[in-house]
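Engineer: Here is my input, please return the structure:
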Amino acid sequence: MKRRSSKRRVRLVELAHARSGDKGDTANVGLIARKPEYYPLLVNQVTVARVARHFKDMITGHVERFELPNLHALNFLLHGALDGGGTISLKTDAQGKVLSTALLRLVVELPR
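Structural biologist: Just a heads-up that it's a prediction; the model follows:
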């Protein structure tokens, strides 16, 4: 008999909204909890290490995270994400607009 896990796996899109843009060669990705009670889960599970792993093939630099508890949000800077920046990059998404959608595909665990 297969034992049922005490955790449920969901994509971030079920828990948060996101928005992204460019600042030179750095992409800025904001992650905002859909409900205030989701914010602690975002803080605990959407870490710098997990975001860096999630974008490992898309960025060449490091990841920084800033907590905004009054907004129930996290802000990430993805350094080296835009191949030099919007004005010189040959990337299809030189302003990093789709990186928010990419982050929302990250899977996190919720208690059942």
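Engineer: From residue 49, how far out is residue 105?
Structural biologist: 17 Å (CB to CB, to the nearest Å). Backbone N, C-alpha and C define where each C-beta goes, glycine included.
Engineer: likewise residue 79?
Structural biologist: For residue 79 relative to residue 49 (CB to CB), the value is 15 Å.
Engineer: Looking at those two, which is more packed in?
Structural biologist: residue 79 (16 against 9; other CB atoms under 10 Å).
Engineer: hang on, isn't that one packed against residue 58?
Structural biologist: No: with contact defined as CB atoms under 8 Å, residue 79 does not count as touching residue 58 (11.7 Å).
Engineer: and residue 111, how many neighbours does it have?
Structural biologist: 7.
Engineer: I figured it hits residue 9, correct?
Structural biologist: No: in this structure, residue 111 is not within contact of residue 9 by CB under 8 Å, at 11.5 Å.
Engineer: in the protein, which spans are strands?
Structural biologist: 7-11, 16-23, 26-33, 63-68, 73-78, 107-111 (DSSP state E).
Engineer: So which bits of the fourth one are buried?
Structural biologist: Residues of strand 63-68 classed as buried: 63, 65 (neighbour count, 16 or more other CB atoms under 10 Å).
Engineer: Packing partners of the lowest-mean-pLDDT helix or strand in the chain?
Structural biologist: Across the helices and strands of the chain, mean confidence by mean pLDDT, DSSP states H and E is lowest for strand 16-23: a mean of 85. Counting contacts by 3 or more CB pairs under 8 Å, 6 or more residues apart in numbering; DSSP states H and E, strand 16-23 packs against strand 26-33, helix 99-103.
Engineer: Between strand 16-23 and the first one, find me the angle.
Structural biologist: So that's strand 26-33. Strand 26-33 and strand 16-23 are oriented at 160 degrees to each other (axes from the mean of the first three to the mean of the last three CA atoms, to 10 degrees).
Engineer: let's number from 53 now, not from 1
Structural biologist: With the count now opening at 53, the last piece we talked about shows up as strand 78-85.
Engineer: Can I get strand 78-85 as PDB, trimmed to CA atoms?
Structural biologist: Only the C-alpha atoms of strand 78-85 are listed here, as PDB (Å, rounded to 0.1, in the frame of the first residue of the first chain):
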ATOM      1  CA  THR A  78      20.100  42.600 -14.100                       C
ATOM      2  CA  ALA A  79      16.500  41.400 -14.100                       C
ATOM      3  CA  ASN A  80      14.300  42.500 -11.200                       C
ATOM      4  CA  VAL A  81      11.500  40.000 -10.300                       C
ATOM      5  CA  GLY A  82       8.900  40.800  -7.700                       C
ATOM      6  CA  LEU A  83       6.900  38.000  -6.100                       C
ATOM      7  CA  ILE A  84       3.700  39.000  -4.200                       C
ATOM      8  CA  ALA A  85       1.700  36.600  -2.100                       C
END
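Engineer: Many thanks, we can stop here.
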